[in-house]
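In: 3D, please:
(chains A and B)
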Amino acid sequence: MKRILVMGLMVFLAAGAAFGSIMLKVTSFSPADADFKSIYGGGMTYGGELSFAAGKSLEFWIGASYFSKTGKTSYTLEETKLSLIPISAGMKLKIMLSKSISPYIAVGGEYVLYKESNAIGDVSAGGFGFIGKGGLFVKVADFFGIDAHVAYSSCSIKGVDFTFDVGGLELGAGLVFIF
Amino acid sequence: MNIYRHVGFSRKTLAFLVLVLCFANFPLFSLNKNGAKQSVDINAPMSWIQGYTLILLKESDIRSVNEAKDFVVSEGGSIAVISDAHAMLGWVPPSVVDRIVGKHGIESVHYEPVDTETLKYGDDTTRTFVRFFNSAASGEIERQYSSPRKAGDPLIRDALEHPFADPRSVVANLADKHVDWDADLARTANNGGIFPGYSDSMTGTIACMIFFVESNGSYDPDTYSWTTPAVDQVKAQCVLGATWWSNKASYYNKTATFYLSYTNPDRTEMRQPYEPILHPSTDDSLWITAIMANLGYSSGNKIARVTAYDAYLKSYANTQWAYSCFFAYNPSPASNTFTDGYFSYAYLGGPYVHMLYRNDGWSLTDIGRIFSHETGHIFWACDEYYQAGYGGCTSCAACSSYRPVTNGNCQHPSCNPTGSVPCIMRDNADAICNYTVQQVGWDVPLQTLTIQTGTGGTTNPTPGTYTYDRGSSVSVTAVADNRYRLKNWSGDASGSSNPVTVTLDSNKTVKANFQRIIYPPANVVGQKVLNRSLGQAEYINVITWEANSNNSDLNIVNYKIYQIDGSTRTEVGTVAATAELKFMQRKVGKDTQYTFEIVAVNSEPREGDAASVIIH
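Out: Numbers count the residues shown, from 1 in each chain, chains lettered A, B, ... in the order given. Next up, the predicted model:
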């Protein structure tokens, strides 16, 4: 998982430098699945997003993030560890309210890598889902801005014994570097 | 006069009963071939034949024979039958043979059949004894015993009340016989004026004269005359009957040595006007008084005459007791009963037995057991058979006031509603019951039963030492204290059945061992629960319980959990008593049923009773 993260981060930085902007973001993730919420609860995700313009108001974006959390199994209350890596891509429509302020909405798809390890066993899986989000970009300087957004995703994954949703609501903020 | 009566009893039924009962038995002791007592069944068929011994003597006069007999007994032997003969029979341990041969006129001791052709003694009684011994040592008697044969009708009312013997007539009969009568008169006086007879107790030495009654044709036609084979058969069977009693006496630490003598039918004294089988049994005074008169006993009735003869016989043979036995000859096609249906009988306490050569349906090889039965009456043994409408015993009451021993083996339903036991006095069985033992004057040996207990209970009867008749079966019940139970019996009992029955064939000790009950865990709950993470799950059998308050005074150190699979019990876990009283079995089948047992374990360590739980 770490090697994937490092490789992804390097590709991400290189692509951002070549085509547009890079956002480093932190989000607060609140899972939609009740079992997810019961076992692990929500938490912080860390990730980045690469965007490049496809017109005056349209951008394509691709991003990835990392979520890791420990929880308790339902009866024995033993430690269980979860890792998620959502990789998402989509289009973003920006509305230029002024030279420096532009709210936006975005939709896309995502693929989530899932790994869970506990006394019951170890399992890795993945699944496809969608994501939609809306946000506000504030350009602070020619090469730098601030992003705030809210997103909702849904991605169903089939584990060993259960199918569950690893999506949910995210509230995030990021630093955007413009090239 | 009550004597045998021919009755319409099913002979097949009786034969079956007799055969069945003859094979039943009670455990006691017998002599082995070495003459030593061993723990075997006293009532095992033919127990007397073990170690049966023939002793040949140089002299045959009664004084010499008695001297030899006393010597053998003093050396550890036991003598069953003697006579005025060069032979006596009994049981002599081989280990003492070297010590006795050559002394007191003892010529040789035999355990194997003796060649009668080379036997240097030709007298009739010696040859009778040797022939009988040979048939015993060769196994012929055992074969006769074990071969199926027909049993006769029951011995209905064959025990006649003890008769009055007029002392004056008895004395008159003994006037010229040089018999010491004073002691007998004294005994009569000590017995409240009731003549006690010459057969008070079957102990010590007993003289029996066998009379072969023969007719001379002067009144009845002389229809039947004794033949030599018939006489020999009766003589041998009388030896068998006497040996049987002597053997049984040894089990009760008694001696009973029979002096058997025979008055052959060719003796002129045996010849009298009547052919007995043509008469009812109640006519027996006709030929008995005649025979007694021929022998010089002509005063008074038959009882006085035979009593006087018994007194003479006792004096002559130097025995303690005496009785007479009259045999009448009734070969086929003669009736096998007297004309009134009776065939064999005896007076309780003597003075005589009367038998036939052929006794109703009984075999000629059964003469000995009938002779034993009638001899039992001579020594005050009660009848124990019962058949509705025909008498026998009718209650557990004693049959005589002379020795009022309860007749507890009486076959009558009022006495034994669930059945009595085989006995010589019930069905001529090769067995003897404790009641008969006491009735003939033998004390039933007492055995002690010591009952002990460990901690945690008592017994019923309570712990202690008790005395019972030998052969008694005693039931001992363990009574555990609260929170205790019977663990097992030790000593002369084993197992954990309660109550336990102890057969007192020797002194015995039994101990009831109790153990503190370790109670099963309380409030045992078993359930199958789901344990899951986000993407994985397992089912867990979860068993919880609580410590049983009844174990609060015990040092319970842990609990063991067993899984039961059919007949297999597998330990699957241990939980310390100080830990959470909970057991989990993980990754079990969702739809599988599981059975568990949970036991508390103390510091011994000993596991307690199990609590079971089934988890679906």
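In: ok, what's across the strand from the nearest residue in space to A:Leu97 that is not next to it in sequence?
Out: Spatially, and ignoring its direct neighbours in sequence, A:Leu97 is nearest to A:Pro103 (6.8 Å; Cβ to Cβ, 6 or more residues apart in numbering or on different chains). Every residue, glycine included, has its C-beta placed from N, CA and C. Residues in a beta bridge with A:Pro103, per DSSP bridges, are A:Leu136.
In: A:Gly135 is in contact with A:Pro103, correct?
Out: Yes - with contact taken as Cβ atoms under 8 Å, A:Pro103 and A:Gly135 are classed as touching, separated by 7.0 Å.
In: Of the two, give the one with the bigger neighbour count.
Out: More neighbours surround A:Gly135 than the other of A:Pro103 and A:Gly135, with 21 against 16 (other Cβ atoms under 10 Å in any protein chain shown).
In: residues contacting that one?
Out: Applying Cβ atoms under 8 Å, 6 or more residues apart in numbering or on different chains to A:Gly135 gives the contacts A:103-106, A:147-150.
In: Name the helix or strand of chain B that has the lowest mean pLDDT.
Out: strand B:30-31 (a mean of 30; mean pLDDT, DSSP states H and E).
In: what's stretch B:277-292 in contact with?
Out: The contact list for stretch B:277-292 (Cβ under 8 Å, 6+ apart) reads B:1, B:3-4, B:173, B:211, B:213, B:215, B:220, B:223-224, B:269-270, B:272-274, B:276, B:298, B:301-302, B:305-306, B:308-309, B:326, B:328-330, B:334-335, B:338-340, B:342-343, B:345, B:352, B:354, B:356.
In: do stretch A:86-103 as well
Out: With Cβ under 8 Å, 6+ apart as the test, stretch A:86-103 has contacts from A:8, A:45, A:47, A:51, A:54, A:56-65, A:67, A:104-113, A:131, A:134-140, A:153, A:155, A:166.
In: start to end distance for stretch B:114-122?
Out: Using Cα to Cα, to the nearest Å, the end-to-end distance of stretch B:114-122 comes out at 14 Å.
In: where does chain A come near chain B, residue by residue?
Out: A:33, A:35-36, A:39-40, A:71, A:73-76, A:80, A:82, A:114, A:116, A:118, A:120-121, A:123, A:125, A:157, A:159-162, A:164 (Cβ under 8 Å from any Cβ of the partner chain).
In: For A:Leu93, grab the count of nearby residues.
Out: Applying other Cβ under 10 Å, I find that A:Leu93 has 14 neighbouring residues.
In: So it: helix, strand or coil?
Out: The three-state label given to A:Leu93 by DSSP: H, G, I helix; E, B strand; the rest coil is strand.
In: follow-up on the earlier one: out of the contacts of A:Gly135, flag the one nearest to chain B.
Out: A:Val150 (24.1 Å; Cβ to the nearest Cβ).
In: Work out for me the element the closest one sits within.
Out: strand A:144-158 (DSSP states H and E).
In: what sits against B:Lys560?
Out: By Cβ under 8 Å, 6+ apart, the contact set of B:Lys560 is B:571, B:573-574, B:598-599, B:601, B:607.
In: Flag every buried residue along stretch B:538-546.
Out: Neighbour-count burial for stretch B:538-546 flags B:538-545 (criterion: 16 or more other Cβ atoms under 10 Å in any protein chain shown).
In: For burial, what's the neighbour tally of residue 49?
Out: I went with chain A, as the question did not name one. Other residues near A:Glu49 come to 25 when the count uses other Cβ under 10 Å.
In: my question was about chain B
Out: Neighbour count for B:Ile49, taken as other Cβ under 10 Å: 19.
In: In space, what's closest to it - neighbours in sequence excluded?
Out: B:Ala136 (5.5 Å).
In: pretty sure the one you found is touching B:Thr53, no?
Out: No - with contact defined as Cβ under 8 Å, B:Ala136 and B:Thr53 do not form a contacting pair (9.9 Å).
In: residue farthest from the centroid of chain B?
Out: With Cα atoms, centre = their mean as the measure, chain B has its most outlying C-alpha, relative to the mean C-alpha position, at B:Leu534: 85.1 Å.
In: Which helix or strand contains that residue?
Out: Counting by DSSP H and E, B:Leu534 is part of no helix or strand.
In: Average pLDDT for the helix or strand hosting B:Tyr559, rounded please.
Out: B:Tyr559 is part of strand B:556-565 when elements are defined by DSSP H and E. Per-residue pLDDT values over strand B:556-565 give a mean of 97.
In: Could you identify the helix or strand that succeeds it?
Out: strand B:568-576.
In: How far away from the center of its chain is stretch B:446-457?
Out: Offset of stretch B:446-457 from its chain centre (Cα atoms, centre = their mean, to the nearest Å): 28 Å.
In: what's the burial count for the residue in the stretch 51-200 of chain B that chain A sits nearest to?
Out: Taking Cβ to the nearest Cβ, chain A has its nearest neighbour within the stretch 51-200 of chain B at B:Ser146, 77.1 Å off. When neighbours are counted by other Cβ under 10 Å, B:Ser146 registers 13.
In: Nearest residue to it in space, please, no chain neighbours.
Out: Nearest-residue entry for B:Ser146: B:Pro45, 7.6 Å, with adjacent residues in sequence omitted and distances by Cβ to Cβ, 6+ apart.
In: was I right about that neighbour contacting B:Asp430?
Out: Yes - with contact defined as Cβ under 8 Å, B:Pro45 counts as touching B:Asp430 (5.0 Å).
In: now the helices for chain A?
Out: Per DSSP state H, chain A carries helices over the ranges A:2-19, A:34-39.
In: Can you name the residue of chain A nearest chain B?
Out: A:Gly159 (2.2 Å).
In: give me every residue that touches the spatially closest residue to that residue that is not a sequence neighbour.
Out: If the residues on either side of it in the chain are set aside, A:Gly159 comes closest to B:Gly535, at 2.2 Å by Cβ to Cβ, 6+ apart. If a contact means Cβ under 8 Å, 6+ apart, then B:Gly535 has A:114, A:116, A:123, A:125, A:157, A:159-162, A:164 as its contacts.
In: Quick check: pLDDT value at B:Gly535.
Out: pLDDT for B:Gly535: 92.
In: hang on, the earlier thing: tell me the buried residues within the contacts of B:Lys560.
Out: Counted by 16+ other Cβ under 10 Å, those give B:573, B:598-599, B:601 as buried.
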